[in-house]
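Peer 1: no sequence for this one, just the structure:
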């Protein structure tokens, strides 16, 4: 199935489309926010819009408090989880999809909150 030329062509088209569409960045575009100490990472995942969760914002220090306030004001869940926030902060740039190693822990929270 993965070797089917039609499927490969469609996957390539979707990747090109995802790359050319401007990312919706900023906490206001997040659906979930992860915090660990003074680090914060905001993610967006909307079925049919984003193929995988995307980092739409990151902050450290004073920015963490500001971003948490924005998220709470917008009704976006703020989750304290060092096992998720730490690696996302260290290894993922703003505007990038999360890495495969983070799928399971991130999706677990998304499912628990009914965000999938």
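Peer 2: Great, that's in hand. Being a predicted model, the structure only gives us computed values, none of them experimental.
Peer 1: Going along the chain, name the helices of this structure.
Peer 2: 5-20, 62-73, 82-91, 100-112 (DSSP state H).
Peer 1: Enumerate every residue touching residue 87.
Peer 2: 101, 102 (C-beta atoms under 8 Å, 6 or more residues apart in numbering). For glycine as for every other residue, the C-beta is placed from the backbone atoms N, C-alpha and C.
Peer 1: pLDDT value on it, please?
Peer 2: As predicted, residue 87 sits at a pLDDT of 97.
Peer 1: Report the separation between it and residue 66.
Peer 2: 22 Å (C-beta to C-beta, to the nearest Å).
Peer 1: residues making contact with stretch 45-56?
Peer 2: Stretch 45-56 is contacted from outside by 14, 18, 23-27, 29-32, 41-44, 88, 92-98, 102-103, 106-107, 110, 115-116, using C-beta under 8 Å, 6+ apart.
Peer 1: List the buried residues in it.
Peer 2: Residues of stretch 45-56 classed as buried by neighbour count (16 or more other C-beta atoms under 10 Å): 45, 50, 53, 54, 55, 56.
Peer 1: With distance to residue 37 and pLDDT added, can I get these in a markdown table?
Peer 2: A markdown table is the format used below for the buried residues of stretch 45-56 (distance: C-beta to C-beta, whole Å; pLDDT from 0 to 100):
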| residue | distance to residue 37 | pLDDT |
| --- | --- | --- |
| 45 | 24 | 95 |
| 50 | 27 | 86 |
| 53 | 21 | 94 |
| 54 | 23 | 94 |
| 55 | 18 | 96 |
| 56 | 20 | 96 |
